[in-house]
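Q: Fold the following for me, if possible:
(one chain, ligands or ions: 1)
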Amino acid sequence: MKSFEAKPWILPQPVLIIGTYDKDGKPNAMNAAWGGQWDMREIMISLGSHATTDNLALNPEFTVAFANVETMVAADYVGIVSGRNVPDKVEKTGWTIEKAPHVNAPVFTDFPLTMECRVAQKIDETATGYYMVAEIVNVLCKEEYLAEDGYPNVEKMGLITFDPVHHNYIQLGNSVGNAFSIGKQLK
Ligand SMILES: Cc1cc2nc3c(=O)[nH]c(=O)nc-3n(C[C@H](O)[C@H](O)[C@H](O)COP(=O)(O)O)c2cc1C
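A: Sure, this is the predicted structure:
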């Protein structure tokens, strides 16, 4: 086995698009890979100092959309350009925007699945950012991505994950087994 020392290589990493409103109600978006589930009703994201952070200081509500192959180019774009410097950043994405039904934040309706969230806790806050724990207020799924049982069909979404080793986006593949079940054959 080859050693690589300490690397931020948790795999797979999500491609989360954080949607916020600025002080004038203008939508902004940023890309975040360092995030995940924190608790049953909470997520966490490691957040640096960004226009998004400025917006969250004024209004702690936001959305998190899960990027897929169709939204990938603009999802990357919002991760390399800041709303602090590019006022028409979100216009450039071409995404359709609606106000979220349960929080004061934009929903980018091009994405299959979106969480509506509210900041619950800021851990180790400094001028360079903090670890954000946020309540999941609601989850929105586009109708076309629902499975026959009425729940989101993740396999259908073409979601992408961030590869921190080579800085690539990789498309999630097919379902290969039932969790909490397939392992029973070794019981
Ligand atoms: C693949 C990718 C992953 C990123 N992950 C994070 C992250 O987890 N946390 C973070 O603070 N910034 C992350 N960024 C950087 C922000 O998205 C970037 O600084 C963005 O321009 C901030 O936008 P804003 O200033 O308009 O809010 C990531 C960028 C990319 C491209």
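
Q: Which residue comes closest to the residue in the chain positioned nearest to the ligand once chain neighbours are left out?
A: The ligand sits closest to Gly79 of the chain, with a gap of 2.6 Å, by CB to the nearest ligand atom. Using the backbone N, CA and C atoms, a C-beta is placed for each residue, glycine as well. Excluding the flanking residues, the one nearest Gly79 by CB to CB, 6 or more residues apart in numbering is Asn31, at 2.9 Å.

Q: quick one: what helix or strand has that neighbour in it?
A: strand 27-32 (DSSP states H and E).

Q: close to the ligand, is that strand?
A: Yes - interface with the ligand: strand 27-32 contributes Asn28, Met30, Asn31, Ala32 (CB under 6 Å from any ligand atom).

Q: how about the residue nearest to Asn168 when sequence neighbours are not counted, secondary structure?
A: Spatial nearest neighbour of Asn168, chain neighbours left out: Phe162 (7.8 Å); criterion: CB to CB, 6+ apart. Of the three states, Phe162 takes strand according to DSSP: H, G, I helix; E, B strand; the rest coil.

Q: Can you flag the buried ones in the residues of strand 27-32 next to the ligand?
A: The neighbour-count test (16 or more other CB atoms under 10 Å) marks Asn28, Met30, Asn31, Ala32 as buried among the residues of strand 27-32 next to the ligand.

Q: quick one: the strands in this protein?
A: Assignment of strands within the chain using DSSP state E yields the ranges 13-14, 16-21, 27-32, 35-39, 42-47, 61-66, 97-99, 106-108, 113-126, 129-141, 160-163, 168-171.

Q: how about those strands, which one is nearest Pro152?
A: Closest approach to Pro152 among those (CB to CB): strand 129-141, 4.3 Å.

Q: average model confidence for that closest one?
A: Throughout strand 129-141, pLDDT has a mean value of 98.

Q: got it, and stretch 157-167?
A: 98.

Q: what about it, start to end distance?
A: Terminal residues of stretch 157-167 lie 21 Å apart, using CA to CA, to the nearest Å.

Q: Could you do stretch 29-48 as well?
A: Length of stretch 29-48, first residue to last, CA to CA: 14 Å.

Q: chain center to that stretch: distance?
A: How far stretch 29-48 lies from its chain's middle: 7 Å, per CA atoms, centre = their mean, to the nearest Å.
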